[in-house]
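*Asks:* dropping the sequence and predicted coords here.
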Amino acid sequence: MSSNEEDRRRARFDAWLDRMTGDGGSIFEWNDDVYKRYEIAVPTTTNAEKVKKIPVVFKLLPQTELAAARRDAREFMASNKLDPEKDRDIFSVIDTVAIIARATRDAIEPYGQYRTLSNFLTTFKSTKIHLAIADAYKMFEAECDPRPDDLPRDVFHLMIKKIAEAGHLGPLVAIDGPAQSAFVLRLVAETLERSQTP
């Protein structure tokens, strides 16, 4: 692949990444709750290369609202005559969307719920959009997690070795959730650093 082709491919990827990740947002508090600004990137129906960005905020959900989201998912399943036990794959998606529906709020005070679960599913029909929003919300949760997530250098390199030996990401289960994100981000940063060093 020529240098020009590689540059064009990288530019297309960077543009796509910018469209899908929004502006990174800012965390703030309001009425004793924690929020983060976010933009939902929705491909336009006329051109998949273009996206419409919808400004919203995420609310860090307390356990009571997480429980309410789970109840929303079960009620949705029941109203559609689906069994959460028999249809686990569908329930898993609906449960995730129920959480992000509860967490996604209007971008202006008083930061009311942006969409109900049913309305969220109707508004954003693509599972890819649901997963992108869910990933962004999980990153927000990780940012607000007070537990340390920095791996010592020797453990970091041992994890890289174990993943390379296994040929898959299975060894990451040895690290808890927030540390997994930190591991991947650190790996990306170090790889980028090395690739830019002449």
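*Replies:* Cool, the structure landed.
*Asks:* for the rest of this, base every contact and every neighbour count on C-alpha atoms.
*Replies:* Noted.
*Asks:* how far does stretch 165-172 sit from its chain's centre?
*Replies:* 22 Å (C-alpha atoms, centre = their mean, to the nearest Å).
*Asks:* are we agreed that residue 121 is in a helix?
*Replies:* Yes: counting by DSSP: H, G, I helix; E, B strand; the rest coil, residue 121 is located in a helix.
*Asks:* measure it to residue 128 for me?
*Replies:* 12 Å (C-alpha to C-alpha, to the nearest Å).
*Asks:* likewise for residue 193?
*Replies:* Distance from residue 193 to residue 128, by C-alpha to C-alpha: 30 Å.
*Asks:* how about low-confidence regions in this protein?
*Replies:* Under the criterion pLDDT under 70, the flagged ranges of the chain are 1-3, 5-25, 44-49, 145-150, 176-178, 197-198.
*Asks:* walk me through the domains of it.
*Replies:* As assigned by automatic domain parsing, the chain contains the domains 3-144, 153-196.
*Asks:* dump those domains to CSV, plus mean neighbour count.
*Replies:* Below are the domains of the chain laid out as CSV (neighbours: other C-alpha atoms under 10 Å):
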stretch, mean neighbour count
domain 3-144, 16
domain 153-196, 13
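*Asks:* check contacts around the most centrally placed residue in the chain.
*Replies:* For the chain, the residue nearest the mean C-alpha position is residue 135 (1.0 Å; C-alpha atoms, centre = their mean). Residues in contact with residue 135 (C-alpha atoms under 8 Å, 6 or more residues apart in numbering): none are found.
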